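Trainee: Got a sequence here, can you model it:
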Amino acid sequence: MYAQSVLIADPNPVIWQELSQTLSRCAPQRQFGFCASSDEALDRVDHPASRYDVVICSAGFAEAEDCFLLNGLKCLSMPLVITGGATTLASTRRVLQGGAFGLIRLPVDDHRASHTLLWASELKKILRRATAYRDMLNNYAERLHDCRRDHQLEEVLLRSCAVFESTYDTWKETIAHIEQSVERLERAAITLEDEARIQAYVQLYELEAARKMS
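Mentor: Predicted coordinates:
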């Protein structure tokens, strides 16, 4: 279920190893993939067979090249979780303000990191389901529209008007149910994003306070 669910993007293989080993403690059921460039990360996320739930990278890597990776992942509806510590407060804040999903504070707090990864995975599941519902919605809308324009079907409808009206009404009801489902999923996604963002800023403020006291 979680095969290759977390993609770590960083040009330094040492970071891959250290971060995956650390996160494996708090998320042992997950498997980690690795890549060294923003282009590769976007290609792997956008692959039809991709099952990644979240991409993790440093704040500096996320905002490199005019936030190329951050903006690309937003276009692909892929949650981005950034890593940041006391020495990267400014870039961490900028990337969070730019739309990153959450923060894994360095050194890693297992409990918080586990929750952040869980929220990111749940968000991705919601987004996948919403996309499937929207595809269904488009399919039903096209079928509903085409029924009124199909001349061959028109002759059949004249002989089976009652059946058609029943089917037509059923399709309209189905569309309404799908629309309601999409709305509920969108509200759930917003709730998850808000919670992750709040927790990210709490950790950011803690890092700022710790630096002032040191």
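Trainee: the helices in the protein, which residues?
Mentor: With DSSP state H, the ranges of helices along the chain come out as 13-26, 38-46, 59-75, 89-98, 110-147, 151-159, 161-213.
Trainee: which residues of the protein score low on pLDDT?
Mentor: Counting by pLDDT under 70, the chain shows low-confidence ranges at 1-4, 140-169, 171.
Trainee: can you list the domains in it?
Mentor: Domains of the chain are assigned by automatic domain parsing as 6-124+197-213, 126-187.
Trainee: how far does the first one sit from the chain's center?
Mentor: Relative to the chain's own centre, domain 6-124+197-213 is displaced by 12 Å; criterion: Cα atoms, centre = their mean, to the nearest Å.
Trainee: Quote the end-to-end distance of that domain.
Mentor: The straight-line separation of the ends of domain 6-124+197-213 (Cα to Cα, to the nearest Å) is 34 Å.
Trainee: same question, stretch 25-43
Mentor: 28 Å.
Trainee: List the buried residues of it.
Mentor: Buried residues in stretch 25-43, counting neighbours by 16 or more other Cβ atoms under 10 Å, are found at 26, 27, 30, 32, 33, 34, 35, 38, 41, 42. C-beta: built from backbone N, CA, C; applies to glycine.
Trainee: Same question for stretch 118-132.
Mentor: Applying a neighbour-count criterion of 16+ other Cβ under 10 Å, one finds 118, 119, 120, 121, 122, 123, 124, 126, 127, 130 buried in stretch 118-132.
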